[in-house]
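# Return a 3D structure for these sequence lines:
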Amino acid sequence: MSTTPKSLYRDEGIVLRTQKLGEADRIVTVLTRRTGKVRAVAKGVRRTKSKFGARLEPFSHVDLQLYTGRNLDIVSQAESIRSYGPAIVTDYPAYTAGTAVLETADRLTAEEKEPSLRLFLLVVGALRALSERAHPAGLVLDAFLLRAMSVAGWEPALGDCARCGVEGPHRHFSVPAGGSVCRECRPTGSAMPSPVTIGHLEALLSGDWATAEASENAQCREGSGLVAALLQWHLERGLRSLPLVDRSDVAPRAGSGPAA
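Sure thing, here's the model as predicted:
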């Protein structure tokens, strides 16, 4: 009986999660640059003498060599490109936001080995921003979620009506409809967020950080609620990590508000 030879390939990726396998192995879920999401077995990494166990932890950006397997691929080599974990896990808002970033990336890539370069780059950018404290962690998360929904084909309508396309802005917002809706199209139970909140979301989606960071705490929190509701509507069930996100750092920074 002939056997199909294993195929060797190399890719870089972000470790999204891990789980124990047997006494010494671990299954790692990695979002890769070229291959998409890959689940692979890292043999022996839980032994104290493992050469690359520490490189295969969540938040790690790694260069991998893998063999294709019948059910799960096998990691044969792992080299660290950058480990975002040490800087992220020491800051609770960054850690909770980062965990939500990884879970979202995992959930948005239900099909394994379906390439998604844009999502991969979004994850890398979010983790870099969190590790470098470039912006408040809650804002980094919301910007990532908005852009990740856009990549998935679910970009919320923040200007024109989500149903008929009539030019906005509009006062009503419907999660099931996909965003802002006009008076004629608004479903029963539509919300009426502050126009400033919608502007805040537009700033996060476009990368206008000056405007986003100047938003008041009330608009940041209202915007976060809309983003979370939209994401969980599309995913059809909630993210376990999202309710744990610490948004205590979303208040305007000193000097960002109007002068007294």
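
# Surely residue 75 and residue 56 touch.
Yes: contact criterion Cβ atoms under 8 Å: residue 75 and residue 56 qualify, at 7.1 Å. From N, CA and C alone the C-beta is placed, and that goes for glycine too.

# Residue 247 versus residue 55, what's the distance?
Distance from residue 55 to residue 247, counting by Cβ to Cβ, to the nearest Å: 31 Å.

# of those two, who's got more company?
Comparing residue 55 with residue 247 by other Cβ atoms under 10 Å, the one with more neighbours is residue 55, at 23 against 19.

# Which helix runs longest in this protein?
In the chain, assigned by DSSP state H, the helix with the most residues is helix 217-235.

# Next, the buried residues of that one.
Buried positions in helix 217-235, judged by neighbour count with 16 or more other Cβ atoms under 10 Å: 219-220, 222-224, 226-228, 230-231, 234-235.

# Dump the residues you listed into a markdown table; add distance to residue 164 as well.
Compiled in a markdown table, those are given as follows (distance: Cβ to Cβ, whole Å):
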| residue | distance to residue 164 |
| --- | --- |
| 219 | 27 |
| 220 | 30 |
| 222 | 25 |
| 223 | 24 |
| 224 | 28 |
| 226 | 20 |
| 227 | 23 |
| 228 | 26 |
| 230 | 19 |
| 231 | 24 |
| 234 | 21 |
| 235 | 26 |
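
# that older thread, residues bridging contact with residue 75 and residue 56, i.e. touching both?
Jointly contacting residue 75 and residue 56 under the rule Cβ atoms under 8 Å, 6 or more residues apart in numbering are 28, 42.

# out of the two, which sits in the more crowded spot?
residue 75 (25 against 21).

# For the stretch 101-250 of the chain, which segments count as helices?
All helices of the stretch 101-250 of the chain, identified by DSSP state H, counting those that start in this stretch, fall at 117-132, 137-151, 195-206, 209-213, 217-235.

# Single out the most deeply packed of the ones you listed.
By mean neighbour count, with neighbours taken as mean count of other Cβ atoms under 10 Å, helix 137-151 ranks first of these at a mean of 24.

# Quick one: work out the angle between that one and helix 117-132.
Taking axes from the mean of the first three to the mean of the last three Cα atoms, to 10 degrees, one finds helix 137-151 and helix 117-132 inclined to each other by 180 degrees.

# Following element in sequence after the longest strand seen in the chain, please.
Secondary structure assigned by DSSP state E gives strand 8-21 as the longest strand of the chain. Beyond strand 8-21 in the direction of the C-terminus, DSSP states H and E gives the next helix or strand as strand 25-32.

# State the mean pLDDT of that following strand.
Here strand 25-32 scores 96 as its mean pLDDT.
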